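J.: just coords:
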């Protein structure tokens, strides 16, 4: 039995396959070794994953996760996985490689992630061969949920958006400006908080001010990231909730740069199952 996991900042999708067929999927909270220790990951797995596996024997485990681009962070996750799956062959890779393999399997292309954060790479059909660093939501992450949420809140608080939109946002999320400042500057995981406003943005995308906010951020993503790759005869694909929810403005921004988007996926799980089977 193979266990294929893909995790972002919000949740982890565990796919159980046997004889190249998907038999079950389990969704647990997200795992990120930048924010969680080996012990915390073990506790999460014990409470939300292991009860669903029962006595199943895992022979191979492929884990694709946010924060898993660095050896020391991979080790954090590997120690947690080995504790419960000591006999399994374990491979740990970045969520970006997971996105690329899910999008293109064994073909090359430019793989992009637009979720809570953003990222991109040139993928050669097996590995990542070049990457423009995303830099996080303070220095980069153009087009991400965190950056869109940051811009939305800043524009509301600086009275750059129609008053009715701002009032609706404050009412719908039961937030004051003071509470927003507190959550951004003193609470943990501000990027997750900021990304929670993506659905509000998607619901009001027909409002010109909201559309322009989104378009400008997507345009910056293409300019500061995608345009640095050689796009000659190259397919460009996207993975992530933000890309999926805001597909129309994403494709408009791409077309302005003469970029054709081959596919937009909410997550790359189906393609990863194909890649590993």
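T.: All right, it came through fine. These figures come from a predicted structure and were not determined experimentally.

J.: can we go C-alpha only for contacts and neighbour counts from here?
T.: Noted.

J.: pLDDT on stretch 18-31, on average?
T.: For stretch 18-31, mean pLDDT is 85.

J.: contacts for it?
T.: 1-2, 7-17, 41, 44, 48-49, 52, 65-66, 273-274, 277 (Cα atoms under 8 Å, 6 or more residues apart in numbering).

J.: ok, now stretch 128-147?
T.: 97, 114-123, 191-198, 214, 217-221, 225, 228, 242.

J.: what does stretch 40-58 give?
T.: Outside stretch 40-58, the residues within contact range by Cα under 8 Å, 6+ apart are 1-3, 26, 28-29, 31, 77, 80-81, 83, 85, 87-88.

J.: so which of those residues would you say is closest to residue 179?
T.: Closest approach between those and residue 179, by Cα to Cα: residue 29, at 25.1 Å.

J.: Burial check on that closest one, number of neighbours?
T.: Here the number of neighbours of residue 29 (other Cα atoms under 10 Å) works out to 17.

J.: For residue 36, see how far away it is.
T.: 12 Å (Cα to Cα, to the nearest Å).

J.: just the strands in the stretch 151-277 of the chain please.
T.: In the stretch 151-277 of the chain, the segments counted as strands under DSSP state E, counting those that start in this stretch are 236-239, 261-265.

J.: what's the most buried one of these?
T.: Neighbour counts (mean count of other Cα atoms under 10 Å) averaged over each of these peak at strand 236-239, with a mean of 26.

J.: Show me what that strand is packed up against.
T.: helix 95-104, strand 109-114, strand 261-265 (3 or more Cα pairs under 8 Å, 6 or more residues apart in numbering; DSSP states H and E).

J.: how about 10 Å then?
T.: helix 95-104, strand 109-114, strand 118-123, helix 247-256, strand 261-265 (3 or more Cα pairs under 10 Å, 6 or more residues apart in numbering; DSSP states H and E).

J.: from what I can see residue 73 touches residue 80, true?
T.: No - the pair residue 73 / residue 80 is not scored as a contact, 11.2 Å apart, by Cα atoms under 10 Å.

J.: list residues touching both of these two?
T.: 37-38 (Cα atoms under 10 Å, 6 or more residues apart in numbering).

J.: circling back to that earlier point, which pair of the contacts of stretch 40-58 spans the longest distance?
T.: Farthest-apart pair in the contacts of stretch 40-58 is 29 and 87; separation 24.3 Å (Cα to Cα).
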